[in-house]
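*Asks:* can't give you the sequence, but here's the structure:
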């Protein structure tokens, strides 16, 4: 059957229309839907304001110098909490949109620059909620609704005394106007230098004094305790919290609030201790900390780099072991005793790397810090260290040579020479017996490297043995040293090294004595 001309034309028109529709569809693709809650939030808002039917209303705004400040109520902002809200505004996406009736009851409204977001009812059984953005209801994830409706306290800086540890001054003023001022480093108050457990407890208690609730009304500060940090942060704490009588009220220029009574009890406990007797709070250590310098009447010990001793303006290497003993003696706990009635016979100033310092007044066997009502008596071993004269801290190294560089030894005038093989020694060209050679070898080892601190050697002292040691190193000129040694004691012996007085180590004293006994 042949189609009529009119039918053919109609079919052609339909085909052409379908072809055009196919071409248009393939060119444009499916329609893209922007699901951003605020698709045109190009710049960060300059103000955020929350209003709630039951309050409290909160308004925050960008500060002129950067950051955020809370305008209503007047308080400091928690910058991280504000940034979390802004991040939600930038990243929030909706699942469904509908008319305003879907949102149900509006329990909070967030107004920001150019937009209004109303927070409606959650979807029961699903972690989703309805919000209304500029009049359009949107179904979003539950976390989006929660982030856009933070607790008013979450937006505030709740730890008003968080910088107590790094502060220079902490002032506590009681209702009767009695004051406690903790200042400087090391921390001290009117009692003197405070024990670290006291200052540590004070700082921790102040840092933990965080707001846990927004006050419903003004705080009564009539009988409050005032705490001032560096003359910059001031809070007044005391009385019941308006809105919750179980909490303690806190008033400040950064905003009022309420704190946990247990946290305030910790502050009260340590403050009461500071109000007690000096024996309960002062540091029983003479001077503890990262020591930089120790100044004495006749010079100084410098610990900034390699320990040195400065005497009459001249710097000498110090004995690091003895310096460490002195620092340990200063940091050791002492016994508190009555302040001596007679004047001090010397002073010592200990400087620390953080810039603080402590002056010590030296009495017969005790030490005191100026202005303190008690003195400290170190334990006998530490007392002996503290009594050492400054020259005793000089580097005790008399000479340092390789043991194998010892070419000969003259012991009380009798000379022995090293043999061709290590461990062999000769006298008048004859080899010593193995037992005697072993003793000489031990003496050579002891006398090759001598460290002997300065000691008070009486003018009438006479040596028991004199050792003249000659070194012939592979490189460098030969050298000779003389060690004059007294009889051995329990910890060594008095000696002179190249005519300079000192205290020889026990190993050297006994080695010399052994060689003499077997001669």
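*Replies:* Done, it's in. This one's a predicted model, so the numbers in the text were calculated from it and none came from an experiment.
*Asks:* ok, which stretches of the stretch 251-400 of the chain are strands?
*Replies:* 257-259, 291-296, 299-302, 308-311, 314-317, 335-338, 346-352, 357-362, 367-368, 374-377, 397-400 (DSSP state E, counting those that start in this stretch).
*Asks:* And for the stretch 51-200 of the chain?
*Replies:* Ranges of strands within the stretch 51-200 of the chain are 58-62, 68-72, 75-76, 94-98, 108-112, 115-123, 128-133, 136-141, 169-173, 179-183, 188-189, 192-193, based on DSSP E, counting those that start in this stretch.
*Asks:* Just checking: what are the partner strands of the first one?
*Replies:* Think strand 58-62. Strand 58-62 pairs in its sheet with strand 47-51 (antiparallel), strand 68-72 (antiparallel), by DSSP bridges.
*Asks:* Which of those strands comes out lowest on mean pLDDT?
*Replies:* Ranked by mean pLDDT, these bottom out at strand 68-72, with a mean of 90.
*Asks:* mind listing what's buried in that one?
*Replies:* 68-70 (16 or more other Cβ atoms under 10 Å). All C-beta atoms are positioned from the backbone trio N, CA, C, and that covers glycine.
*Asks:* hmm, back to that, so which of the strands of the stretch 51-200 of the chain is nearest residue 207?
*Replies:* Closest approach to residue 207 among the strands of the stretch 51-200 of the chain is made by strand 169-173 (11.4 Å; Cβ to Cβ).
*Asks:* got the angle for that closest one vs strand 179-183?
*Replies:* In terms of direction (axes from the mean of the first three to the mean of the last three Cα atoms, to 10 degrees), strand 169-173 departs from strand 179-183 by 170 degrees.
*Asks:* List the buried residues in strand 169-173.
*Replies:* In terms of neighbour count (16+ other Cβ under 10 Å), strand 169-173 has its buried residues at 170-173.
*Asks:* Ok, stretch 231-250 next?
*Replies:* Neighbour-count burial for stretch 231-250 flags 233-239, 241-242, 247-250 (criterion: 16+ other Cβ under 10 Å).
*Asks:* got it, and stretch 366-386?
*Replies:* 366-369, 372, 374-378, 382-383, 385-386.
*Asks:* my read: residue 74 touches residue 251, true?
*Replies:* No: counting by Cβ atoms under 8 Å, residue 74 does not reach residue 251; the two are 11.5 Å apart.
*Asks:* Compare those two and say which is more crowded by neighbours.
*Replies:* residue 251 (21 against 12; other Cβ atoms under 10 Å).
*Asks:* Can you check the pLDDT for the residue lying closest to residue 362 once chain neighbours are set aside?
*Replies:* Once flanking residues are discounted, residue 362 sits nearest to residue 346: 4.0 Å by Cβ to Cβ, 6 or more residues apart in numbering. On pLDDT, residue 346 comes in at 91.
*Asks:* which residues does residue 346 contact?
*Replies:* If you count contacts by Cβ atoms under 8 Å, 6 or more residues apart in numbering, residue 346 has them with 296-297, 361-362.
*Asks:* Residue 283 versus that one, what's the distance?
*Replies:* 21 Å (Cβ to Cβ, to the nearest Å).
*Asks:* Could you do residue 193 as well?
*Replies:* Taking Cβ to Cβ as the measure, residue 193 falls 5 Å from residue 283.
*Asks:* Give me the common contacts of the two.
*Replies:* Contacts common to residue 193 and residue 283, judged by Cβ under 8 Å, 6+ apart, are residue 186.
*Asks:* Residue 483 looks like it's in a helix, true?
*Replies:* No: under DSSP: H, G, I helix; E, B strand; the rest coil, residue 483 sits outside any helix and is assigned strand.
*Asks:* So it is in contact with residue 446, correct?
*Replies:* No: at 9.5 Å, residue 483 does not count as touching residue 446 under the criterion of Cβ under 8 Å.
*Asks:* Look up which helix or strand residue 480 falls in, please.
*Replies:* strand 479-485 (DSSP states H and E).
*Asks:* so what strands line up beside that strand?
*Replies:* strand 465-471 (antiparallel), strand 493-497 (antiparallel).
*Asks:* how about these, which one is nearest residue 291?
*Replies:* Nearest to residue 291, of all these, is strand 493-497, at 29.6 Å by Cβ to Cβ.
*Asks:* And the helix or strand that comes right after the closest one, what does it pack against?
*Replies:* Following strand 493-497 in sequence order, the next helix or strand is strand 500-504 (DSSP H and E). Contact partners of strand 500-504 among helices and strands, from 3 or more Cβ pairs under 8 Å, 6 or more residues apart in numbering; DSSP states H and E: strand 493-497.
*Asks:* Show residues contacting the strand it packs on.
*Replies:* For strand 493-497, with Cβ under 8 Å, 6+ apart as the criterion, the contacting residues are 398-399, 450, 452, 455, 457, 461, 463-464, 481-487, 501-504, 506, 508-509.
*Asks:* what about 7 Å?
*Replies:* Applying Cβ atoms under 7 Å, 6 or more residues apart in numbering, the contact partners of strand 493-497 are 398, 450, 452, 455, 457, 461, 463, 483-487, 502-504, 509.
*Asks:* all helices in the stretch 351-500 of the chain, in order from the N-terminus.
*Replies:* In the stretch 351-500 of the chain, the helices defined using DSSP state H, counting those that start in this stretch lie at 380-386, 434-448.
*Asks:* need the ones you listed in a markdown table with mean pLDDT, can you?
*Replies:* As requested, those are arranged in a markdown table below (pLDDT from 0 to 100):
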| stretch | mean pLDDT |
| --- | --- |
| helix 380-386 | 94 |
| helix 434-448 | 95 |
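*Asks:* Format the ones you listed as CSV; extra columns: distance to residue 199.
*Replies:* Listed next are the helices of the stretch 351-500 of the chain as CSV, based on distance: least, Cβ to Cβ, whole Å:
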stretch, distance to residue 199
helix 380-386, 23
helix 434-448, 49
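*Asks:* To residue 145, which of the strands paired with strand 58-62 lies closest?
*Replies:* Comparing the strands paired with strand 58-62 against residue 145 with Cβ to Cβ, the closest turns out to be strand 47-51 (13.1 Å).
*Asks:* So which bits of the closest one are buried?
*Replies:* Buried residues in strand 47-51 (16+ other Cβ under 10 Å): 48-51.
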